[in-house]
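**Q** could you look at this predicted model? Sequence included:
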Amino acid sequence: MKLPFALPFAGLLLSIALGPLLFPKLWHAHYGKIAAAWSAAALASIAWLAGGSVMLAAFVHAMLGEYLSFIVLLFALYTVAGGILVSGDIRGTPWNNAAILALGTAMASIVGTTGAAMILIRPLIRANVSRRYNVHVMIFFIILVANVGGALSPLGDPPLFIGFLNGVDFFWTTRNLWIQTAIVAGLLLAMFVAFDLWRFRSEPIDGRIEPAEPVRIRGLVNFVLIAAVIGCILLSASWRPGVAVDILGTRLELQNLLRDGLLVAIALLSLWWTQDEHREANGFTWEPIREVAILFAGIFTAIIPVLAMLDAGRNGAFAWLLTAVTDRGGTPHEVAYFWYTGVMSAFLDNAPTYLLFFKLAGGDARELMGELAGTLAAISMGAVYMGALTYIGNAPNFMVAAIAAEGGIRMPSFFGYLLRAGAILVPLFLLLTFLPVAPVLKLH
């Protein structure tokens, strides 16, 4: 395949970036049709080049082999977390905001970036909606809670879950990335406090209302269900009966099918056991997860030709990329893996991008956790951390931005967010690249 076959994917990404900015009413009314059109164009190009059977097999693999587990986990965490109501009056002060961000960052690797974001975003919006300057609070929330905080487990962030599905040990990132994650998160929190203090002091005093109702947490049964989600993930890692179903070349293993079925059942139990008024008070709607499900179905489909070009290695259209991340002897450049994975994650979504570079690095989980541990760490950090650079870099980013907009926060456009997030994060990534403390990335 040649570069023109990547045009539907590029068109979809441009539509996601520019549609809400240039044609907001048209986009929100028809984004599903637009995503479907670009997906159909990608599939048609595959059928024209390789035939209908190859196209169908590739589509089935993308949907059942990669997208299904990805969206089922997001759906379960979104539904369960949406039943947890944090009520009461919280003042949007710098220290309260920082506490919520720190709590969410710590929670993200346990209940997932989606789960942590859905639990805390609405209380944070209510605390800050009356403030004159509140957009930066949401931006730091997306960076910390919806991305960086999820770097320590497969539950934390979708790309790490993709790695887990491909054989990476559940606790590998916990053991190998905790120092880097603590440094990045700590610096981000310090930056946030300094900036929020400056903004808060310039606001009128009469906008600061003392709390009237104590903070309460309701829907506690959903914490049990989140524990059940974690149990399902661990079960699928430890129980491997060797039974599978083959659908057009895509092997669906029994433990993964059981896990996905149990996750759906857990989400349904949350809907059954959680009082409706809790979700209503949360402002819970299905639109954010619906938008994510539709757009990412399009992304996983339209990216098929791009992945095929990358799989061709030095004989494909992206041979330059393989050359960029390895030397002539095949030794990986870890810094290059970090930056290429990260930058592409920001614009291609970090879950398929992680898979792309995971395969580019050989795809052998045992080797990547062993002698190539630095390469796997670089790929993991790049995908998780730099997924925060755009709204499409990570699925929860979209949901947080949509919920914040529904809650009265004037969120920036795609490019407006990119500029703000880039100004915050790029200096930290440069620091991480050259960090002398417990370095993971080796300069070549």
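**A** Arrived safely. Numbering: from 1, shown residues only.
**Q** got the CA positions of stretch 30-42 in PDB?
**A** Presented in PDB, the C-alpha positions along stretch 30-42 are these (Å, rounded to 0.1, in the frame of the first residue of the first chain):
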ATOM      1  CA  HIS A  30     -24.000  14.200  11.600                       C
ATOM      2  CA  TYR A  31     -20.600  13.100  13.000                       C
ATOM      3  CA  GLY A  32     -21.700   9.500  12.900                       C
ATOM      4  CA  LYS A  33     -22.400   9.700   9.100                       C
ATOM      5  CA  ILE A  34     -19.100  11.600   8.500                       C
ATOM      6  CA  ALA A  35     -17.100   8.900  10.400                       C
ATOM      7  CA  ALA A  36     -19.000   6.200   8.500                       C
ATOM      8  CA  ALA A  37     -18.200   7.800   5.200                       C
ATOM      9  CA  TRP A  38     -14.500   8.000   5.800                       C
ATOM     10  CA  SER A  39     -14.500   4.400   7.200                       C
ATOM     11  CA  ALA A  40     -16.300   3.200   4.000                       C
ATOM     12  CA  ALA A  41     -13.700   5.000   1.900                       C
ATOM     13  CA  ALA A  42     -10.900   3.200   3.700                       C
END
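**Q** buried stuff in that stretch?
**A** Y31, I34, A35, A37, W38, S39, A41, A42 (16 or more other CB atoms under 10 Å). For every residue, glycine as well, the C-beta is placed using N, CA and C.
**Q** just checking, the last one touches I304?
**A** Yes: under the criterion of CB atoms under 8 Å, A42 lies in contact with I304, with a separation of 6.1 Å.
**Q** can you tell me which of the buried residues of stretch 30-42 is nearest M63?
**A** Of all the buried residues of stretch 30-42, M63 sits closest to S39, with 10.4 Å by CB to CB.
**Q** what's the first helix or strand after the helix or strand where that closest one lies?
**A** According to DSSP states H and E, S39 maps onto helix 24-50. Going down the chain from helix 24-50, the next helix or strand is helix 52-60, by DSSP H and E.
**Q** which parts of that next one are buried?
**A** Going by 16+ other CB under 10 Å, helix 52-60 has these buried residues: M55, A57, A58, F59.
**Q** so that helix versus helix 24-50, what angle?
**A** Relative orientation of helix 52-60 versus helix 24-50 (axes from the mean of the first three to the mean of the last three CA atoms, to 10 degrees): 140 degrees.
**Q** residues contacting W172?
**A** M369, L376 (CB atoms under 8 Å, 6 or more residues apart in numbering).
**Q** do you know how far it is from G19?
**A** For W172, the distance to G19 (CB to CB, to the nearest Å) stands at 38 Å.
**Q** burial measure for the closest residue to A6 other than its chain neighbours, as a count.
**A** Spatial nearest neighbour of A6, chain neighbours left out: V306 (5.0 Å); criterion: CB to CB, 6 or more residues apart in numbering. Here the number of neighbours of V306 (other CB atoms under 10 Å) works out to 24.
**Q** then A317?
**A** Look at A317: counted by other CB under 10 Å, it has 18 neighbours.
**Q** so which strand or helix has the closest residue to it other than its chain neighbours?
**A** Excluding the flanking residues, the one nearest A317 by CB to CB, 6+ apart is M309, at 4.4 Å. For M309, the element it lies in under DSSP H and E is helix 304-311.
**Q** can I get the following helix or strand past that helix as CSV, trimmed to CA atoms?
**A** Following helix 304-311 in sequence order, the next helix or strand is helix 319-325 (DSSP H and E). Output of helix 319-325 as CSV, limited to C-alpha atoms (Å, rounded to 0.1, in the frame of the first residue of the first chain):
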residue,chain,number,x,y,z
ALA,A,319,10.0,2.6,6.0
TRP,A,320,11.4,6.0,7.0
LEU,A,321,9.7,5.5,10.4
LEU,A,322,11.4,2.1,11.1
THR,A,323,14.7,3.7,10.1
ALA,A,324,14.1,6.6,12.5
VAL,A,325,13.6,4.4,15.5
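**Q** which strands and helices sit next to helix 319-325?
**A** Helices and strands touching helix 319-325, as assessed by 3 or more CB pairs under 8 Å, 6 or more residues apart in numbering; DSSP states H and E, comprise helix 334-348, helix 350-360.
**Q** now distance to S69 too, for those, in a markdown table please.
**A** Conversion of those to a markdown table gives the following (distance: least, CB to CB, whole Å):
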| stretch | distance to S69 |
| --- | --- |
| helix 334-348 | 19 |
| helix 350-360 | 10 |
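**Q** pick the most buried one from those helices.
**A** helix 350-360 (a mean of 25; mean count of other CB atoms under 10 Å).
**Q** list the buried ones in whichever helix or strand comes after that helix?
**A** Note on helix 350-360: by DSSP H and E, the next helix or strand toward the C-terminus is helix 365-369. Of the residues in helix 365-369, A365, L368, M369 count as buried by neighbour count, 16+ other CB under 10 Å.
**Q** over to stretch 234-250?
**A** S236, A237, T250.
**Q** what are the contacting residues of that stretch?
**A** 56-57, 60-61, 64-65, 164, 170, 251-259.
**Q** restricted to helices, list those.
**A** Those of the contacts of stretch 234-250 mapping onto helices are L56, A57, V60, F164, L254, Q255, N256, L257, L258, R259, per DSSP state H.
**Q** mind picking the two most distant members of those residues?
**A** L56 and F164 (27.7 Å).
**Q** turn the ones in helices among the contacts of stretch 234-250 into a markdown table, including distance to L430 and pLDDT.
**A** A markdown table is the format used below for those (distance: CB to CB, whole Å; pLDDT from 0 to 100):
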| residue | distance to L430 | pLDDT |
| --- | --- | --- |
| L56 | 45 | 95 |
| A57 | 42 | 95 |
| V60 | 42 | 95 |
| F164 | 29 | 86 |
| L254 | 45 | 92 |
| Q255 | 41 | 91 |
| N256 | 39 | 90 |
| L257 | 43 | 93 |
| L258 | 44 | 94 |
| R259 | 39 | 93 |
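**Q** convert the C-alpha atoms of stretch 242-251 to CSV, please.
**A** Taking C-alpha atoms only, stretch 242-251 is exported to CSV below (Å, rounded to 0.1, in the frame of the first residue of the first chain):
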residue,chain,number,x,y,z
GLY,A,242,-6.7,-22.5,25.3
VAL,A,243,-10.2,-22.4,23.8
ALA,A,244,-10.9,-19.9,21.0
VAL,A,245,-13.3,-19.1,18.1
ASP,A,246,-12.0,-18.2,14.7
ILE,A,247,-13.9,-15.6,12.7
LEU,A,248,-12.4,-14.9,9.3
GLY,A,249,-8.9,-15.4,10.7
THR,A,250,-9.4,-13.4,13.9
ARG,A,251,-8.9,-15.6,17.0
